[in-house]
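> sharing a sequence plus its predicted fold:
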Amino acid sequence: MGLVMNIELKHIHKRFGAVHANNDINLTFATGRIVGILGENGAGKSTLMKILSGFQSMDSGEIWLDGKPVSYNGPQAAIAHGIGMLQQDPLDVGAFTVLENFIYGQPGNLSPKRKVAQQQLEKLSQRFGFELDPDMPVSQLSIGQRQQLEIVRLLALGVRTLILDEPTTGISTEQKTLLFDALRELAAKDSMTVLLVSHKLEDVIALCHEVAVLRAGRIVGSMDMPATTTELVTLMFGQELAAQPRQPINANSDDAVLALHKVQLRNKRMKIDNISLRVRAGEIIGLAGLDGSGQEMLLRACVGLEKCSRGQIDIAGRDMTGKSYREFLQTGVAFGAAGRLEEGLVAGLTLTEHIALVTSHQSFIDWNSARQHTEDQIKHYNVRGRPESRIETLSGGNQQRVLMALMPQEPVLMALEQPTRGLDVDSARWIWQQLIERRKGGTAIIFSSPDLDELVTYSDRIIVFCGGWVQEVADMENLTLDELGRMIGGEGVIQ
Ligand SMILES: Nc1ncnc2c1ncn2[C@@H]1O[C@H](COP(=O)(O)OP(=O)(O)OP(=O)(O)O)[C@@H](O)[C@H]1O
Ligand SMILES: [Mg+2]
């Protein structure tokens with residue numbers, strides 16, 4: 001049956017200079033299984049998946065499909081062998097429409113196929129409940145819709161194995177439900193193999209039949225599900241991680257570091273009125289809500305990247321309404337964007353060049369001291385990379401660490417979009433230790449997160465965004481995850 005697909009990886013090696021990213025990987029994936037690929041940041045997960053899907057070459061090793069060795073030299077060839085992958089950071093396909101993108105890669109001429117392709121697109125979208133308008137430019141799709149498009153495109157090309165690298169980052173809860181239902185159905189009904197790279201252990205628990213764990217380029221364990229989070233963490237890190245208790249507020253004065261007075265924020269899709277908020281030194285404020293409910297807009301308003309259409313915003317007692325990002329920075333605020341390689345980091349530049357960009361204030365750059373400083377920061381933030389590494393060669397989690405390293409040491413206010421996005425459990429805790437250190441020095445922190453657990457664990461106060469409204473959680477002491485989830489979904493909103 002051409003439909004069955006068993007994958008065997010044999011003795012796969014891949015080095016990047018001194019880094020042995022994949023070190024003798026041996027794995028078997030059976031048809032119809034959903035397999036979680038786990039491991040700390042930089043463990044080699046993306047590298048292995050890119051090798052299997054033809055996006056990267058291996059130094060040595062073999063891939064066997066259904067008992068026969070194969071070799072291929074690019075993603076198109078891998079797709080022809082039935083293996084397709086959704087990238088961790090989706091590539092931009094700019095000017096194409098959904099339909100054009102869907103047809104892309106299909107053999108034959110474009111025009112006569114349009115109609116057939118459109119029907120196929122509609123049928124596949126319908127099957128999984130995806131909402132894809134054939135005529136919409138891909139540039140206007142949300143991350144979740146792009147992902148849906150890529151899935152139906154790969155299915156139309158006949159892939160039998162679907163690889164997803166951190167697929168739930170940046171998509172809404174509804175999209176995640178649709179995605180997981182689709183993956184379960186593809187495995188169960190179509191006997192497809194699904195490989196899922198993820199740091200979100202609750203996703204792995206919800207979806208996978210088995211897991212394989214990488215550490216420093218090697219396979220260090222595998223396990224059949226069901227398993228608990230603790231068991232998975234132990235398998236990944238070789239030990240159970242101690243829970244972090246919530247730290248009491250350390251605000252020692254009543255003065256507001258940040259004050260919003262009846263602020264109105266608006267963009268093309270929504271308007272939020274009457275946001276009033278006072279944040280004191282040392283306070284941690286969490287912003288909860290479904291993706292795109294306005295949290296990011298508020299964070300950006302706090303650092304002058306977004307203008308308030310009404311109301312007033314003060315930083316450390318100074319009226320900053322209408323001022324520029326640069327002027328906000330001068331008052332001692334810092335901003336961390338979620339989109340690593342779209343904002344904040346510059347592909348093509350090395351770590352030293354990034355450090356030099358934020359630390360030097362004149363046109364003259366002292367490269368020796370920038371390099372020394374970069375080495376210190378690499379050590380301090382435990383970044384897997386070298387001063388001369390270009391930023392895009394770092395693993396996703398290590399890029400996030402670099403973003404942290406680029407932040408000023410003692411800002412009065414840090415506004416952070418999803419500060420632990422893409423980080424493994426251990427690294428996420430480590431980042432929070434760093435943040436808690438800074439709050440002890442009086443820095444106030446305002447952050448957004450799709451992770452309810454993170455919000456409840458680290459916030460002194462939580463603001464919930466829902467359907468154009470904001471609401472502060474009244475009783476933080478007794479707040480449960482369920483309750484917060486319901487508020488985000490729109491229950492109990494006082495309008
Ligand atoms: N193109 C490249 N050039 C140089 N080094 C690379 C390149 N791609 C990956 N590496 C290095 O190989 C190692 C493994 O990276 P990989 O991206 O596979 O990790 P990962 O397990 O996916 O991590 P994360 O969870 O952070 O995404 C890292 O040390 C990374 O810096
Ligand atoms: Mg990765």
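Yes, it's here. Ligands and ions are numbered 1, 2, ... in the order given.

> quick one, what contacts the nearest residue to residue 332 once chain neighbours are set aside?
Nearest residue to residue 332 in three dimensions, chain neighbours excluded: residue 412, at 4.1 Å (C-beta to C-beta, 6 or more residues apart in numbering). The way it works is simple: take the backbone N, C-alpha and C, and place the C-beta from them, glycine included. By C-beta atoms under 8 Å, 6 or more residues apart in numbering, residue 412 lies in contact with 257, 281, 315-316, 331-333, 442-444.

> now residue 223: which helix or strand?
Following DSSP states H and E, one finds residue 223 within strand 218-224.

> what's the next secondary structure element after that strand?
Counting by DSSP H and E, the next helix or strand C-terminal to strand 218-224 is helix 229-237.

> and the helix or strand that comes right after that next one, which strands flank it?
Downstream of helix 229-237, the first helix or strand assigned by DSSP H and E is strand 256-266. According to DSSP bridges, strand 256-266 forms sheet pairs with strand 271-280 (antiparallel), strand 310-315 (antiparallel).

> least reliable of the ones you listed going by mean pLDDT?
Least confidently modelled of the strands paired with strand 256-266 is strand 271-280, at a mean of 92 by mean pLDDT.

> chain center to that one, what's the gap?
27 Å (C-alpha atoms, centre = their mean, to the nearest Å).

> could you dump the strands paired with strand 256-266 to a markdown table with mean neighbour count?
Conversion of the strands paired with strand 256-266 to a markdown table gives the following (neighbours: other C-beta atoms under 10 Å):
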| stretch | mean neighbour count |
| --- | --- |
| strand 271-280 | 17 |
| strand 310-315 | 18 |
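
> of all those, which lies closest to residue 419?
Closest of the strands paired with strand 256-266 to residue 419 is strand 271-280, at 16.2 Å (criterion: C-beta to C-beta).

> now the closest residue to ligand 2 within the chain: which helix or strand?
Of all residues in the chain, the one sitting closest to ligand 2 is residue 46 (3.2 Å; C-beta to the ion). Counting by DSSP H and E, the element that carries residue 46 is helix 45-52.

> hmm, who's touching that helix?
Contacts for helix 45-52 (C-beta under 8 Å, 6+ apart): 7, 9, 12, 14, 21-22, 25, 37-39, 56-58, 63, 78, 83, 85, 88, 163, 165, 195, 197, 214, 395-396.

> buried set for it?
45-52 (16 or more other C-beta atoms under 10 Å).

> circling back to that earlier point, ligand 1: which of the strands paired with strand 256-266 is closest?
Nearest of those to ligand 1, taken as C-beta to the nearest ligand atom: strand 271-280 at 31.0 Å.

> contact residues of this structure facing ligand 1?
16, 19, 21, 39, 41-47, 384-385, 393-398 (C-beta under 6 Å from any ligand atom).

> in helices, which of those residues fall?
Counting by DSSP state H, these place 45-47, 396-398 in helices.

> mind putting these in a markdown table, pLDDT included?
Formatted as a markdown table, these follow (pLDDT from 0 to 100):
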| residue | pLDDT |
| --- | --- |
| 45 | 96 |
| 46 | 94 |
| 47 | 96 |
| 396 | 79 |
| 397 | 80 |
| 398 | 87 |
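
> closest to residue 191 among those residues?
Distances from residue 191 to these, taken by C-beta to C-beta, are shortest for residue 45, at 24.1 Å.

> out of the contacts of helix 45-52, which are close to ligand 2?
Among the contacts of helix 45-52, the ones lying near ligand 2 by C-beta under 5 Å from the ion are residue 396.

> which among the contacts of helix 45-52 count as buried?
Here, 16+ other C-beta under 10 Å leaves 7, 9, 12, 14, 21-22, 25, 37-39, 56, 58, 63, 78, 83, 85, 88, 163, 165, 195, 197, 214, 395-396 buried among the contacts of helix 45-52.

> tell me where the stretch 351-495 of the chain has helices.
Along the stretch 351-495 of the chain, counting by DSSP state H, counting those that start in this stretch, helices occupy 351-359, 367-380, 396-405, 425-440, 452-458, 481-488.

> let's see the fifth one as PDB, backbone CA atoms only.
Meaning helix 452-458. Output of helix 452-458 as PDB, limited to C-alpha atoms (Å, rounded to 0.1, in the frame of the first residue of the first chain):
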ATOM      1  CA  LEU A 452      -2.100  31.100  31.600                       C
ATOM      2  CA  ASP A 453       0.300  29.300  34.000                       C
ATOM      3  CA  GLU A 454       3.000  31.900  33.400                       C
ATOM      4  CA  LEU A 455       0.500  34.700  34.000                       C
ATOM      5  CA  VAL A 456      -0.700  33.300  37.200                       C
ATOM      6  CA  THR A 457       2.700  32.300  38.500                       C
ATOM      7  CA  TYR A 458       4.500  35.600  37.900                       C
END
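
> for it, name the packing helices and strands.
Using 3 or more C-beta pairs under 8 Å, 6 or more residues apart in numbering; DSSP states H and E, the elements in contact with helix 452-458 are strand 284-289, helix 425-440, helix 481-488.

> any idea which of the ones you listed is most buried?
Comparing the helices and strands packed on helix 452-458 by mean neighbour count (mean count of other C-beta atoms under 10 Å), strand 284-289 ranks first with a mean of 25.

> okay, now the sheet partners of that strand, with direction.
As defined by DSSP bridges, the strand partners of strand 284-289 come to strand 444-448 (parallel), strand 461-466 (parallel).

> what average pLDDT does that strand get?
94.

> list of residues touching that strand?
With contacts defined as C-beta under 8 Å, 6+ apart, strand 284-289 is touched by 249, 277, 279, 295, 298-299, 435, 439, 444-449, 452, 454-456, 458-466, 484, 487-488.

> just the buried residues out of the residues you listed, in PyMOL syntax.
Only the buried entries of these go into this PyMOL selection, using 16+ other C-beta under 10 Å:
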select buried, resi 277+279+295+298+299+435+439+444+445+446+447+448+449+452+454+455+456+458+459+460+461+462+463+464+465+466+484+487+488
